[in-house]
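Visitor: I need the structure of the sequence given here:
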Amino acid sequence: MMKKKASLKYQLIFTMLGIVAGTVIICWFLNNTFLERYYTFHKEKEIQKSYNQVNSICEKETSESDIALERLCMDKNLDILITDKARNLVWSSYSDAQRIQMQLENWLYGTERGTIRVLYDGEEYMLVRQTDERLQTDYLVLFGRLKNGGYVYMRAALESIRESASITNRFFGAVSMGAIAISIVLIVILSRRICKPIQSLSDISARMSNLDFEAKYVPDKYVSREIHELGLSMNELSETLEEKISELKTANVSLQQDISRKEQIDEMRKEFLSNVSHELKTPLALIQGYAEGLKECINEDETSRDFYCDVIMDEADKMNHMVRQLLTLNQLEFGNDTVEMTRFNITELIEGVIQSAAIMTAQKQADIRFYQDGPVYVWGDEFKTEEVITNYLTNALNHVDGEKRIEISYTFRENLVRVHVFNTGANIPEEELDKIWGKFYKVDKARTREYGGSGIGLSIVKAIMDSFHQQCGVVNREDGVEFWMELESNN
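Guide: Sure thing, here's the model as predicted:
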C-alpha cells in the first residue's frame, strides 16, 4: 500500500521553515564561536593603525598634538602613554602615569613576562596579549619606538569586546526568534498563495479525468507566469480532449450503426435467400414436371400439350415478375434508386391506373368508385407513386369479395393529402396487420397462390413511402379492408 504523501503546502512550509531555522542556528553558532575572535582581530588592527597615527602626531609636535592624542584615545577606546628616549613621561591618558609605566615595563621586561602572549614582534613595535591575574582581565598591549626616539605604550581592554560580543549574541538570538515567528506567518501565507492555484489546477485535472470538460482555469493576475501558462495549457488540453472524445464517440456511434447495419444486411440476406428459395421451389417444380411430361409425351393430343405449355409459360411469367419486384425492392432498400420529387396531379394518375386495370376489373366483376372533385396536386416521384397506387388497386382486386366494391377517396389535413383504397371482403387478422409489410409475407397463402402473388408488393409500397419520408398504413373496416398513403399537398 502506497504511503500517502504530504501536500505541497506543508512541504513548502516545513522546507522553508527548516531553511530559516537552519540559517539562524548556523549564524548563532558562528556568532558565539567567532564573533569575539573577530572583534579581537579587528582591535589588533586598530591598535596597529593607531600606532602609526601616534607616530605621525609625535613627529609633527604641534600645539594640537595633545588634542589629537586625546581624540584618538576616545575614538579607539585606547589608553596611551608616551615617553622620551630616557623613558621620561611625555604624555599619558592615565591619571597615575608613573605607576602604569612601571607596571607595563615590568610586564614586558620584568618577572611577570610569563603573563603575556606575544602576537607580533617587529623592529618598530611589539604587540602582546596581557592578562591581569589580579583583576582577571585581558588586555591588548603595544610597545613601540617612535621616529623621534621616544617610546609609546598603548593598551585596550578585551573585556569590553567580550561584553559587546555577548550583547550582540543575545540581541541576535532575540531578533532571530522574532524573525522566525514572522517567517512562519509569511511562509504560511506565501505557501497558501503558491498552492492555491496549483490545487485549483489539480482539481481541474481531476474533473478532466472524469471527462468533465466544463472545468476551466480562470486567469489570475496575482499568480506566477509559469502557473498562468500551465492553466492556459490545461484549458487548451481540455478543449482538445473534449473535441477528440466527441469525435471518438461520433465514430463509435457510426461504427455501431455500421455493425448494426451489417448484421441487419446479413439477416436480410439470409431471409432473402430463404424466401426466394421457398418461392421459386413451387414454380420450378411445376415447370420441371410439365416439361418432363412433354418430353415423355404423356399426353399426345394437341390440347394437352398446349395446356402443359401454358402452365410452363404462366409459372415462368410469375417467376419473372417476382424477380423484377425483388430487383425494385433491393434498389429501394439500399438507396440505389433515385427519387425525383415533382409536382403532379394525383387525380389524373389514379384515373390512369383504373383504366389500366379495366380488364382485371371486368374479370373480377368489381365495382370501382373513385370519389374526387377535380385535380389534386401533390409532391412526389410520379412513377413510384403510380406503382404504389397500382399495388394497392391490384391487391384490392385480388381480395375483393361480398359486394365486390372498391372505393378510392381523399382526405385532407394541414398540408397533407391521404389517399384511401378500400375493398369489401374479409378483414385481415389484427395480429397480422403489422406483418403484411414484410417481404414474402402472405396472410392467405392458398389464395395468394391462385392469383400469383409473391408477397413483395406491399414491401415495395413501404420502401417507396419511406423514400418519400411519408406514411402509409392499413385498417380493418366493418365490411372490408382499407389501405392508405400520404403525400405533401400543393393545392
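Visitor: and the helices in the stretch 351-491 of the chain?
Guide: 358-364, 382-399, 445-451, 457-468 (DSSP state H, counting those that start in this stretch).
Visitor: in JSON lines: those, plus distance to residue 130 and mean pLDDT.
Guide: Backbone N, C-alpha and C define where each C-beta goes, glycine included. Listed next are these as JSON lines, based on distance: least, C-beta to C-beta, whole Å; pLDDT from 0 to 100:
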{"stretch": "helix 358-364", "distance to residue 130": "149", "mean pLDDT": "89"}
{"stretch": "helix 382-399", "distance to residue 130": "130", "mean pLDDT": "89"}
{"stretch": "helix 445-451", "distance to residue 130": "140", "mean pLDDT": "44"}
{"stretch": "helix 457-468", "distance to residue 130": "122", "mean pLDDT": "84"}
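Visitor: among those helices, which is nearest residue 74?
Guide: For residue 74, the closest of the helices of the stretch 351-491 of the chain is helix 457-468, at 117.4 Å, according to C-beta to C-beta.
Visitor: where's the residue of the chain most remote from its centre, which helix or strand?
Guide: No residue in the chain sits farther from the centre than residue 86, which is 98.6 Å out by C-alpha atoms, centre = their mean. Secondary structure assignment for residue 86, by DSSP states H and E: no helix or strand.
Visitor: next one: phi and psi at it?
Guide: The phi and psi torsions at residue 86 (degrees, to the nearest 10) take the values phi -90, psi 10.
Visitor: what's the neighbour count on residue 387?
Guide: When neighbours are counted by other C-beta atoms under 10 Å, residue 387 registers 17.
Visitor: again but with residue 178, I slipped
Guide: Residue 178, neighbours per other C-beta under 10 Å, totals 10.
Visitor: about what we covered before: wait, what's in contact with the residue farthest from the centre of the chain?
Guide: Contacts for residue 86 (C-beta atoms under 8 Å, 6 or more residues apart in numbering) come out as none.
Visitor: okay, it: pLDDT?
Guide: Residue 86 carries a pLDDT value of 82.
Visitor: so how far is residue 60 from it?
Guide: According to C-beta to C-beta, to the nearest Å, residue 86 stands 22 Å off from residue 60.
Visitor: helices and strands of the protein: which one has the lowest mean pLDDT?
Guide: helix 445-451 (a mean of 44; mean pLDDT, DSSP states H and E).
Visitor: nearest to residue 53, of the helices of the stretch 351-491 of the chain?
Guide: Using C-beta to C-beta, the helices of the stretch 351-491 of the chain put helix 457-468 closest to residue 53, at 118.4 Å.
Visitor: got the angle for the closest one vs helix 382-399?
Guide: Here the directions of helix 457-468 and helix 382-399 differ by 150 degrees (axes from the mean of the first three to the mean of the last three C-alpha atoms, to 10 degrees).
Visitor: alpha carbons of helix 457-468, in CSV - could you do that?
Guide: Provided in CSV are the C-alpha atoms of helix 457-468 (Å, rounded to 0.1, in the frame of the first residue of the first chain):
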residue,chain,number,x,y,z
GLY,A,457,-45.9,-5.8,-53.4
LEU,A,458,-46.6,-4.3,-50.0
SER,A,459,-42.9,-4.4,-49.2
ILE,A,460,-42.3,-2.3,-52.3
VAL,A,461,-45.0,0.2,-51.2
LYS,A,462,-43.4,0.5,-47.7
ALA,A,463,-40.0,1.1,-49.2
ILE,A,464,-41.3,3.7,-51.6
MET,A,465,-43.1,5.6,-48.9
ASP,A,466,-40.0,5.5,-46.7
SER,A,467,-38.0,7.0,-49.5
PHE,A,468,-40.6,9.9,-49.7
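Visitor: that one packs against which elements?
Guide: Here helix 457-468 touches helix 302-333, helix 382-399, strand 472-477, strand 480-489, going by 3 or more C-beta pairs under 8 Å, 6 or more residues apart in numbering; DSSP states H and E.
Visitor: give me that answer again for 7 Å
Guide: Contacts defined by 3 or more C-beta pairs under 7 Å, 6 or more residues apart in numbering; DSSP states H and E place helix 457-468 against helix 302-333, helix 382-399, strand 472-477.
Visitor: residues making contact with the last one?
Guide: Applying C-beta atoms under 7 Å, 6 or more residues apart in numbering, the external contacts of strand 472-477 come out as 422, 427-428, 433, 436, 461-462, 465, 481-485.
Visitor: in that strand, what counts as buried?
Guide: Buried residues in strand 472-477, counted by 16 or more other C-beta atoms under 10 Å: 472, 474.
Visitor: so which strand or helix has the nearest residue in space to residue 90 that is not next to it in sequence?
Guide: Nearest non-adjacent residue to residue 90, counting by C-beta to C-beta, 6 or more residues apart in numbering: residue 82, 4.6 Å away. In this assignment (DSSP H and E), residue 82 forms part of strand 79-83.
Visitor: give me the sheet partners of that strand and which way each runs.
Guide: strand 89-92 (antiparallel), strand 151-157 (antiparallel) (DSSP bridges).
Visitor: what's the mean pLDDT across the last one?
Guide: Along strand 151-157, the predicted local confidence has a mean pLDDT of 87.
Visitor: next SSE downstream of that strand?
Guide: Following strand 151-157 toward the C-terminus (DSSP H and E): helix 159-209.
Visitor: what's in contact with stretch 164-180?
Guide: The contact list for stretch 164-180, computed with C-beta under 7 Å, 6+ apart, reads 20-21, 24, 28, 31-32, 35-36, 39.
Visitor: ok, how many other residues are close to residue 468?
Guide: What residue 468 shows, counting by other C-beta under 10 Å, is a neighbour count of 20.
Visitor: heads up, I number from 316, so please use that
Guide: With 316 as the first residue, the last one maps to residue 783.
Visitor: gap between it and residue 631?
Guide: 33 Å.
Visitor: low-confidence ranges, the stretch 516-665 of the chain, go.
Guide: The model of the stretch 516-665 of the chain has pLDDT under 70 over residues 528, 536-538, 583-602, 604-605, 608-617, 619-620, 623, 626, 629-630, 632-652.
Visitor: residue 734 bridge partners, please.
Guide: Beta-bridge partners, per DSSP bridges, of residue 734: residue 725, residue 800.
Visitor: pretty sure it is touching residue 800, no?
Guide: Yes. Assessed by C-beta atoms under 7 Å, residue 734 is found in contact with residue 800 at 5.3 Å.
Visitor: can you tell which of the strands paired with strand 394-398 is closest to residue 708?
Guide: That would be, of the strands paired with strand 394-398 and by C-beta to C-beta, strand 466-472, which comes in at 136.6 Å.
Visitor: just want the angle from that closest one to helix 474-524.
Guide: Using the same axes, to 10 degrees: strand 466-472 against helix 474-524 is 50 degrees.
Visitor: residues contacting strand 466-472, please?
Guide: Contacts for strand 466-472 (C-beta under 7 Å, 6+ apart): 358, 362, 365-366, 369, 392-398, 402, 416, 419, 452, 454-461.
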